[in-house]
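Visitor: no sequence on hand, only this structure:
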């Protein structure tokens, strides 16, 4: 059998296994191990899997997965994220659509210290959705605002998506974090525009919030509860942008500050400390297993020369615009059937060499892929944020599909802007 065909069969088999709900980490390691053994023998395959797992997990940069996840879990689990929404709501809640806008802005700020779209969506489902429901907001809009807003945490640093991309492709995680700042801000603005337009087109969806008012003294007083999040944002962004510390050191610094702040403010109890630690262990365990699987499978694919062959075929497409459109369409189609982490692990080993051959900036391409992952999180029928929000709020998933359409349109506009104007992503990096 042609060695390239081994790789093609392996990818097809992997898609089948994932489609039938086999866990992606186990599928990647199993197929990578068996495929490598068929080419080089059982003993060498065992050595390859062991060496890949040890060398990658032992990588210093790998620690940032655990550290940023721990920081995000502390912020979400101790209620510090709730304070952020309450403050923003006091300042913006009175204007029409203000509570929905406050939820979106809070997601952007919360995402800057969390990095997890699921944690962001769950936190806002707990504090923002009940506030909107109490004021008479349409359920579809309220839930969709929370679900779509949650994805901002996947783009604004410290993003787990950027960490995964950086580790797999060996690009600077610090540069990827900086590249996500401006796109994240632009996304918040686009979502606010969507809410404002909906308030004009469907006035029945968004009530008049004239009575939802607070005095200036109350607004100013509320800001005292937000200093921990802003402290973390300033420390992380300043440290990375100023070259004071690496992404891993930023994660360690952020985790320690978050833990101290939660303890000193008496928000950290024995119960939620245990819960935060367990959540961190579960999340990082899943991500680590996924990444080890990605390294093993990528090593096997490299041996089969499938990525090289795919790159040659892709270079047959004369227009780089058509190539980018093809990649976007591929992600959207796969996003209808697979979870976004599966898609990421499956595609990066093949698409990254293609992007390099096309002459695209590796950091910019990482932003585009993370944006595509983000769209997949709220794309029917498999969008993970849709199911998380539906479960947390009780809004039927079909209603959430309908409410998410305007935000999906904004996401497509955002994606086009990022592709057409690379400097949105690269201005802070270069």
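Guide: Noted; the coordinates are in hand. Note that the structure is predicted; figures quoted are calculated from it, not measured. Numbers count the residues shown, from 1 in each chain.

Visitor: the strand or helix carrying residue 55: which residues count as buried?
Guide: Following DSSP states H and E, the helix or strand that holds residue 55 is helix 42-57. Neighbour-count burial for helix 42-57, with 16 or more other C-beta atoms under 10 Å as criterion, is recorded at 45, 48-49, 52-53, 56. The C-beta positions use only the backbone N, C-alpha and C, and glycine is treated the same way.

Visitor: hey, what's the angle from the helix or strand immediately after it in the chain to helix 42-57? Just curious.
Guide: Toward the C-terminus, helix 42-57 is succeeded by helix 63-77 as the next helix or strand (DSSP H and E). Calculated by axes from the mean of the first three to the mean of the last three C-alpha atoms, to 10 degrees, helix 63-77 forms an angle of 60 degrees with helix 42-57.

Visitor: what sits up against the helix or strand just after helix 63-77?
Guide: Downstream of helix 63-77, the first helix or strand assigned by DSSP H and E is helix 80-92. With C-beta atoms under 8 Å, 6 or more residues apart in numbering as the contact definition, helix 80-92 has outside contacts at 74-75, 98-99, 101-103, 105-106, 109-110, 114, 120, 123-124, 126-128, 131, 214, 218-219, 222-223, 225-226, 228-229, 258, 261-262, 265, 267.

Visitor: and the angle from the following helix or strand past helix 80-92 to helix 63-77?
Guide: Using DSSP H and E, the helix or strand that follows helix 80-92 in sequence is helix 98-114. Here the directions of helix 98-114 and helix 63-77 differ by 140 degrees (the same axes, to 10 degrees).

Visitor: which regions of this protein lie under the pLDDT threshold?
Guide: Residues of the chain that meet the criterion pLDDT under 70 lie in 1, 61, 81-82, 93-94, 115-116, 209-212, 314-315, 336-340, 381-382.

Visitor: for the residue sitting nearest the centre point of it, give me its contacts.
Guide: Residue closest to the average C-alpha location in the chain (C-alpha atoms, centre = their mean): residue 154, at 2.4 Å. Neighbour list for residue 154: 111, 115-117, 160-161, 370, 373-374, 377 [criterion: C-beta under 8 Å, 6+ apart].

Visitor: ok, so what distance separates it from residue 161?
Guide: According to C-beta to C-beta, to the nearest Å, residue 154 and residue 161 sit 5 Å apart.

Visitor: which residues do the two both contact?
Guide: Common neighbours of residue 154 and residue 161 (C-beta under 8 Å, 6+ apart) are 370, 373-374.

Visitor: among those, which ones are buried?
Guide: 370, 373-374.

Visitor: returning to that earlier point: and the helix holding residue 55, what other elements does it pack with?
Guide: helix 24-40, helix 270-304 (3 or more C-beta pairs under 8 Å, 6 or more residues apart in numbering; DSSP states H and E).
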